[in-house]
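> Any chance you could fold what I've pasted below:
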Amino acid sequence: MSDYTITTDFSVKDALTTGDPEKIILGADFDVEFNAIDTAITSKFDSNDIASEAQAQAGSTDSTLISPAKLTDWSQAGTGVIEDLWGYADPNVDTLFGWDDSAGAAIGFTLGTGITSNLGAIEMDFLGLEDLTDPGADRILFWDDSAGIFTWLTVGTNLDITTTTLSAPTATLEAAISHDNLASIPANDHIDHTAVTITAGTGLAYSSGGTDISASATIDLSFLGIEALTDPNDDRIMFWDDTAGAMAWLDMGSSLAVTGTTLDVVYADIEANLSTATASLPIYAGYVDSAGTAEVLPSGWTATNDGTGLYTVTHNLGLTAAQCSVVANTNAAGTRSKCDVTSVGTNSFGVDISSDSGYFNDEFWFILVDFSGQV
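Now for the predicted structure:
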């Protein structure tokens with residue numbers, strides 16, 4: 001539709017002088033104006049082009065106009081969004097008007113966190129994300145606390161992003177890091193391994209490798225032959241075998257036994273052996289009275305007084321000290337006590353009772369056991 005606009009200003013002709021050709025109004029001038037008026041009129045709706053209520057409700061034509069009254073009738077008679085619009089109140093906050101299909105009604109969507117409206121446009125407004133642009137390179141999104149916003153984090157030296165993986169390439173790190181420049185590295189960690197000597201001390205020996213820590217080496221036990229010992233599969237005692245010049249295992253002979261970690265003497269075995277051995281041992285006894293007289297002696301034996309409390313007993317058995325055992329006792333002040341047996345020879349032995357305090361004159365008695373058949 002268009003409005004009529006005057007093309008020819010006729011009023012200016014009134015001021016022109018008579019005879020001025022411009023003062024004359026020609027028919028063509030009227031044609032221009034009438035044609036403009038006709039165009040404007042034909043482009044406008046007529047008064048009878050107002051839609052009826054039925055036409056408004058049907059919405060079947062766009063060649064008629066709807067008046068405010070008819071619009072009110074139409075909206076009130078309708079259902080759905082238009083009806084909900086009439087009942088919608090001012091929410092006093094920016095709200096999106098939409099349709100809730102599950103409720104079958106129009107609703108207002110409140111703008112939530114990170115969403116805002118700007119001059120009719122819906123925009124993101126969340127911690128500075130809305131200001132980020134394409135950085136044109138791989139970047140990491142991070143929170144810049146000093147700026148109080150999200151921003152792009154650039155990958156710095158010795159870091160690399162490959163597709164979606166952030167990494168620190170080992171080769172790059174090794175090339176960039178100097179061991180000597182690291183903080184808190186103890187000075188003792190900077191050691192020339194060839195200058196550190198390990199000496200195999202007593203009982204140890206190198207079987208392979210050198211004596212420093214620049215390469216692998218083996219140190220073995222090497223002490224008095226202990227390293228050569230193996231599991232004997234029985235209880236044994238470790239001892240020095242002087243003939244072999246090395247440590248060896250010592251087995252327990254008769255009458256000895258190991259119980260747990262204790263070495264015991266088996267007295268029952270000794271008693272059994274002694275009872276068998278002593279059953280045939282010759283035993284000799286004699287007695288010298290207080291006057292020094294040999295009262296009782298085996299046949300062929302003599303007792304000679306060699307001085308106060310000293311006697312030599314002579315026999316004919318031909319026994320050495322290793323083949324017999326002699327004990328002698330005296331009655332010192334009426335109490336029996338052992339006296340000294342001295343000078344045990346092949347066919348004699350001495351008796352000394354002089355050292356016994358209070359010995360009773362020269363009285364003593366003796367027993368000799370012959371072991372010659374057992375040794």
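> and stretch 25-45, how far from the chain's centre?
Its chain's average C-alpha position is 100 Å from that of stretch 25-45, according to C-alpha atoms, centre = their mean, to the nearest Å.
> Ok, stretch 149-159 next?
Worked out by C-alpha atoms, centre = their mean, stretch 149-159 lies 32 Å from the chain centre.
> Next, the buried residues of it.
For stretch 149-159, burial by neighbour count (16 or more other C-beta atoms under 10 Å) applies to Phe150, Thr151. Where C-beta positions appear, they are placed from N, C-alpha and C, glycine not excepted.
> now what about that stretch, what contacts it?
Residues outside stretch 149-159 that contact it (C-beta atoms under 8 Å, 6 or more residues apart in numbering) are 127-129, 131-132, 135, 138-144, 161, 166-169, 172-173, 176.
> can you tell me which of these are in strands?
Ile140, Leu141, Phe142, Trp143, Asp144, Ile161, Leu166, Ser167 (DSSP state E).
> what sits against the last one?
Contact partners of Ser167, counting by C-beta under 8 Å, 6+ apart, are Leu159, Asp160, Ile161.
> Walk me through the domains of the protein.
The chain breaks down by automatic domain parsing into domains covering 10-44, 111-173, 197-228, 237-276, 281-370.
> rewinding a little: of the contacts of Ser167, just say which sits nearest to Leu263.
Leu159 (72.3 Å; C-beta to C-beta).
> Distance of that closest one relative to Phe30?
According to C-beta to C-beta, to the nearest Å, Leu159 stands 86 Å off from Phe30.
> what's the answer for Glu227, then?
As judged by C-beta to C-beta, Glu227 and Phe30 stand 141 Å apart.
> Look up which residues are beta-bridged to Trp143.
Phe150 (DSSP bridges).
> Tell me the spacing between it and Leu129.
Trp143 sits at a distance of 11 Å from Leu129 (criterion: C-beta to C-beta).
> can you check Ser299 too?
134 Å.
> And for Gln323?
Applying C-beta to C-beta, the value for Gln323 to Leu129 is 116 Å.
> what do you get for Tyr287?
Separation of Tyr287 from Leu129 (C-beta to C-beta): 128 Å.
> ok, now Thr5?
From Thr5 over to Leu129 the distance is 53 Å, taken as C-beta to C-beta.
> quick one, which of these two is more surrounded?
Using other C-beta atoms under 10 Å as the criterion, Thr5 and Leu129 rank with Leu129 on top: 13 against 9.
> Could you measure from the more buried one over to Gly112?
Taking C-beta to C-beta, one finds Leu129 at 15 Å from Gly112.
> isn't Asn316 right up against Asn347?
Yes. Asn316 lies in contact with Asn347 (C-beta atoms under 8 Å); the separation is 6.2 Å.
> For Lys98, list each beta-bridge partner.
Check again: residue 98 is Gly, not Lys. Ile107.
> Correct me if wrong: it contacts Thr110.
No. With contacts counted by C-beta under 8 Å, Gly98 stays clear of Thr110, the gap being 11.1 Å.
> where do the contact lists of these two overlap?
Residues touching both Gly98 and Thr110 by C-beta under 8 Å, 6+ apart: none at all.
> Can you say which of the domains of the chain is packed in most?
Greatest average neighbour count among those goes to domain 281-370 (a mean of 16), per mean count of other C-beta atoms under 10 Å.
> so how far is the first residue of that one from its last?
By C-alpha to C-alpha, to the nearest Å, the extent of domain 281-370 from end to end equals 6 Å.
> Centre of the chain to that domain, how far?
With C-alpha atoms, centre = their mean as the basis, domain 281-370 stands 83 Å off its chain's centre.
> Spatially nearest residue to Leu16 (excluding sequence neighbours)?
Lys23 (4.0 Å; C-beta to C-beta, 6 or more residues apart in numbering).
> What pLDDT is listed against the one you found?
With respect to pLDDT, Lys23 has a value of 82.
> so Leu204 sits right up against Thr218, yeah?
No. Judged on C-beta under 8 Å, Leu204 makes no contact with Thr218 at a distance of 10.6 Å.
> looking at this, Thr346 is in a strand?
No. Applying DSSP: H, G, I helix; E, B strand; the rest coil, one finds Thr346 to be coil, outside a strand.
> show me what contacts it?
Gly318, Leu319, Thr320.
> okay if I get those as TSV plus secondary structure and pLDDT?
As requested, the contacts of Thr346 are exported to TSV (DSSP: H, G, I helix; E, B strand; the rest coil; pLDDT from 0 to 100):
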residue	secondary structure	pLDDT
Gly318	coil	86
Leu319	coil	82
Thr320	coil	77
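> Closest one to Ala106 out of those, please.
When the contacts of Thr346 are compared against Ala106 (criterion: C-beta to C-beta), the nearest one is Thr320, at 138.0 Å.
> picking up where we left off before, of all the ones in strands among the contacts of stretch 149-159, which two lie farthest apart?
The most widely separated members of the ones in strands among the contacts of stretch 149-159, counting by C-beta to C-beta, are Asp144 and Ser167 (23.2 Å).
> Stretch 42-53: which residues count as buried?
In stretch 42-53, counting by 16+ other C-beta under 10 Å, buried: Ala51.
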